[in-house]
Every structure is written in structure tokens, then in C-alpha cells.
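A.B. asks: here's my sequence, what's the structure:
(one chain, ligands or ions: 1)
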Amino acid sequence: MAMTFIPDAELLPTVVVNAKLSREEKHDEENIIGLTNLDVTKSIGETDANLDAIIAHYAQTITKYNMRNLGYPTNQDFNYEALAPLLQFHLNNAGDPFLGSSFSLNSMAFEVSVLDWFAKLWEIEKNEYWGYVTTGGTEGNLHGILAGREQLPDGILYTSQDSHYSIAKIAKMYRMKCVKVDSLLSGEIDCVQLEASLLAHKDKPAIINLNIGTTLKGGIDDLDLVIQTLNKCGFTRDRFYIHCDGALFGIMLPFIKQAPRISFKKPIDSVTISGHKFLGCPSPCGVLITRLKYMNALSRDVDIIASRDATITGSRCGHAPIFLWYALKKRGLIGLENEVHECIMKAHYLLNLLRDAGIGAMLNKFSNIVVFERPLDDHFTRRWNLASNKNTAHVVVLKHVTVEMLDSFVREFTEKQSIWYKDEQFQPPCIANDVGSRNCACSIHNLSRNC
Ligand SMILES: *Cc1c(COP(=O)(O)O)cnc(C)c1O
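C.D. replies: Coordinates of the predicted model:
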């Protein structure tokens, strides 16, 4: 039932079953990577030549993996060699980027430039926003939902069942009451269910976690409909807080003309993205933007760094803001817009390839995530680094994913299928319940194109 609170056990992150490698497989992989040389417990100091050889071997292996990296939303197409001179410094942005810090080896000037760019993207005035560069989307969610809870201490957190696993974890960490709301087939939140849940808990304020692109299907929660639903249920502006989890799509949607607007001109309160997803970055990072007026409740002046402590972590990576700055500055608005359209076009290309090969598949509007029937063989899934969940798997088309990669992926998939489903005993899974019957190619639904 949609209105029940989530029991503690369910709040734990879901475990991806096929992420577990057997011991032998793990051993094989370690040999390929050359990890057997990595033991440091007996090291008495290593020569530069040996260290170079280990790293070169590792880089070679990773390069090979990169050519088949389809399932995770991490863009691998970047070149930050120009920033190599900065690896000689420890850069640390502990504190509030807008106040600076007494630790002068910081990159807060770059950080504020990046934040200003995102504030403009999501339409909030310079003097009305606050934000910082985080360690990733999860930290952005931690901060956004914390700000919501500080505003509305007895608020209930509402989030759809397609939400990222970090949301349930955060509810547990903050000991917040959390209502999981059903999703539609697209992955977006079902506002009929949301309405019923809101009405059932009308006495408590609402903190909404809004998915701007769900992790698995790329479903976009309908912000305008959510706001309408809140109003209809009698929640006035002072009794709700909306946090937008835009990990992957938060930076893509603003470049698609027909897409719904993420804007602080609407009654939203915080937005976050992951920097390493669409933009691509050698290490995880993210951006959080919120309304400045919420910050007093969250911050404290700290003498030792001569700054204000308002972030989730203490020491913060000083390189990450420079990577983000470089990624934005180098592409420019036109470059980013072209890249967004290129990814979506290639996602459509993949959708058509799969469907033409008789493989059930779905692609949401404005999305670059193609969802399809889960390959029978987990070895194949791992070979292409696919993310899978129950009966489905997905490919996230980012800049590094080429048409050639997609061609050879589908070719190999169909070759394998003719082996997996050779005898009647095995059949492609029915994915009608996951993606709708017209996207399903099982023997009953057969990609019914008539609807
Ligand atoms: C990836 C993702 C996150 C978490 O981002 P990290 O950068 O991995 O912490 C949160 N929400 C959604 C919807 C995501 O897809």
C-alpha cells in the first residue's frame, strides 16, 4: 500500500545481485588487472620503474573496460591533461565557498564560478542562492533533505519507489518518517497515489524528493503536477519543501526546449546533480544549489578555518570544482546543448536497433536511458558493464558511447540470444510489468506495434 511507512529493513540500500563475483571469477579478474602485485603489507619501498609498470598495466586494463562501458551514467569522454600541474598541490575547500577560508590553498574562486553557472541554469538570483560542490549526488541529497527537515522538523518525506537508494538511506540516517509512493510505468511518481498519501498525513508538513530522472528508467517526476497536488491537498507554501534530485538529467533538461523546466521561479527549494555523470570527471563530485534563506539554520561559524560550516563534509576536494569549471568553460552552452542532443539521438538509435532485433525495449521522452529485457547470461551483462534490476537492464548513452559500440553490443546480444533461447526451455523474460506491454517482446506481447 502506498501510504505505509517504510520498515527499517527496506531502508537499507538494495543489493545488486549480479555485482557479486564468485571467488574464482574475482581471482581471474585480479590476474587480468595485475592486482596480484598490489600487496602493500610487505612493501619495503618500490622502484619508480616497477610502480610505473603497475600503473601502466592498470590503465591499459581500464581502457579496455571503457570500450564496453554502457550501463552506468559516468561519461568517460574527457581530457583534463591541462590540469595535470595542479596534481602537485593539496587543494582543500573546507568551509563556505562564499566566505573563503584561512587555508589559502583553496579553489573557492573556481567553485563560486561553477555555482553561479548552475544558479543561472536553474533560474535563481545571485543574491538569493547558496550552494557548494559536493562529493556527488548523494551528498547533494543529504544536504537538500536536511535543509528541508530543518525548515519543517516534523515533516514527512515523500518519494517514489523508483527513487535512488540514497533517499531511503537518508530517511534512515535522519530518522525521518518516509512514505514511499508508487510510480508509473515510466518511473515517474504517481500523483494519484501521492495525493492519497498527502491527504492521509495532512496534519504534517511535506518534504518531497522529486526525481529529475530516475536512475533506472530516466522517468521525470512531473513538478507542475506535484505542486498542483500539494495545493489541492491544502498544503500552503510554508508547509512543503521540494528537493529535486537531478543527478543525471538536472543538467540535461535545461538544454531541451520542450522539456519541463526546473526553475527556482517555481516553489522548489534545492536542486542537486552529480558532476561525474553527464559532464564526466575523473573523481566523483556534484553540485548543490539551495535558497540562501535556509542556510542560517544549517550553519555555524568556525574559528579554525575562519569560515562558516554549512557543508555535510569538512575537508572538501579542491580539484573537483576546477574539473567542473573546466568542463563547463571548455564546452560552452552550445557545446553542452549539442552534446545533450547527440546523446538522446544515439539513445533512439539504440532503441531502434534493439526493437528491430526483436528485443523488448523502452526509452522515455527526453531520456538517454534505454531499458530492455535483461540478458540471460550475467557474464554478458558484466562484459558490457550493464546495470540490471530484476527483469530489465539498461544502457545510459553518454558522450563516450559511440554508434560503433552500440552496433557491436546489439550484434553480440542477438548472437547470444540465439544460443540462450535455442530450445523452448528458456524464453526471453516478460517485461510488460516493468515497461508496458507494447515495449515487451515476450511470446505473449511480441512488441505489439499496433498500439
Ligand atoms: C546516481 C544518482 C544519485 C547518486 O549520485 P552519486 O553521485 O552516485 O552519489 C542520486 N540520485 C539519482 C537519481 C541518481 O541517478
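A.B. asks: those helices in the stretch 151-300 of the chain, which residues are they?
C.D. replies: Assigned by DSSP state H, counting those that start in this stretch, the helices in the stretch 151-300 of the chain fall at 165-173, 191-200, 223-232.
A.B. asks: residues in contact with the last one?
C.D. replies: So the one you mean is helix 223-232. Contact with helix 223-232 is made by 189, 191, 194-195, 198, 206, 208, 210, 240, 242, 244, 260-262, 266-268, as judged by Cβ atoms under 8 Å, 6 or more residues apart in numbering. Backbone N, C-alpha and C define where each C-beta goes, glycine included.
A.B. asks: who touches His400 in this structure?
C.D. replies: Residues in contact with His400 (Cβ under 8 Å, 6+ apart) are 66, 69, 75-77, 280.
A.B. asks: look up how far the ligand lies from it.
C.D. replies: From His400 over to the ligand the distance is 17 Å, taken as Cβ to the nearest ligand atom, to the nearest Å.
A.B. asks: then Cys281?
C.D. replies: Going from Cys281 to the ligand by Cβ to the nearest ligand atom gives 10 Å.
A.B. asks: residues in this protein within reach of the ligand, list them.
C.D. replies: 136-138, 141, 164, 166, 211, 214-215, 245, 247-248, 274, 284, 286 (Cβ under 6 Å from any ligand atom).
A.B. asks: so how do I select the buried members of these in PyMOL?
C.D. replies: Here is the PyMOL command that selects the buried residues among the residues of the chain next to the ligand (16 or more other Cβ atoms under 10 Å):
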select buried, resi 136+137+138+141+164+166+211+214+215+245+247+248+274+284+286
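A.B. asks: among the residues of the chain next to the ligand, name the ones in strands.
C.D. replies: Secondary structure assignment by DSSP state E places 211, 245, 274, 286 of the residues of the chain next to the ligand in strands.
A.B. asks: of those residues, closest to Ala94?
C.D. replies: Set against Ala94, the nearest of these by Cβ to Cβ is Gly286 (17.0 Å).
A.B. asks: contacting residues around that closest one?
C.D. replies: For Gly286, the contact set (Cβ under 8 Å, 6+ apart) comprises 133-140, 247, 272-276.
A.B. asks: mind putting those residues in TSV, pLDDT included?
C.D. replies: Shown next, in TSV, are those (pLDDT from 0 to 100):
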residue	pLDDT
Val133	98
Thr134	98
Thr135	98
Gly136	98
Gly137	98
Thr138	98
Glu139	98
Gly140	98
Ala247	96
Thr272	98
Ile273	98
Ser274	98
Gly275	97
His276	98
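A.B. asks: please, which helix or strand holds Gln417?
C.D. replies: Per DSSP states H and E, Gln417 falls inside helix 403-420.
A.B. asks: send me that helix as CSV with only the CA atoms.
C.D. replies: Provided in CSV are the C-alpha atoms of helix 403-420 (Å, rounded to 0.1, in the frame of the first residue of the first chain):
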residue,chain,number,x,y,z
VAL,A,403,27.5,4.2,-32.7
GLU,A,404,30.1,1.5,-33.2
MET,A,405,29.9,0.4,-29.6
LEU,A,406,26.1,0.2,-29.8
ASP,A,407,26.3,-1.7,-33.1
SER,A,408,28.6,-4.3,-31.7
PHE,A,409,26.6,-4.5,-28.4
VAL,A,410,23.4,-5.4,-30.2
ARG,A,411,25.1,-7.7,-32.6
GLU,A,412,26.6,-9.7,-29.8
PHE,A,413,23.3,-9.6,-27.8
THR,A,414,21.4,-11.1,-30.7
GLU,A,415,24.1,-13.7,-31.3
LYS,A,416,23.9,-14.7,-27.7
GLN,A,417,20.1,-14.8,-27.7
SER,A,418,20.1,-17.3,-30.5
ILE,A,419,22.2,-19.5,-28.1
TRP,A,420,20.3,-18.8,-24.9
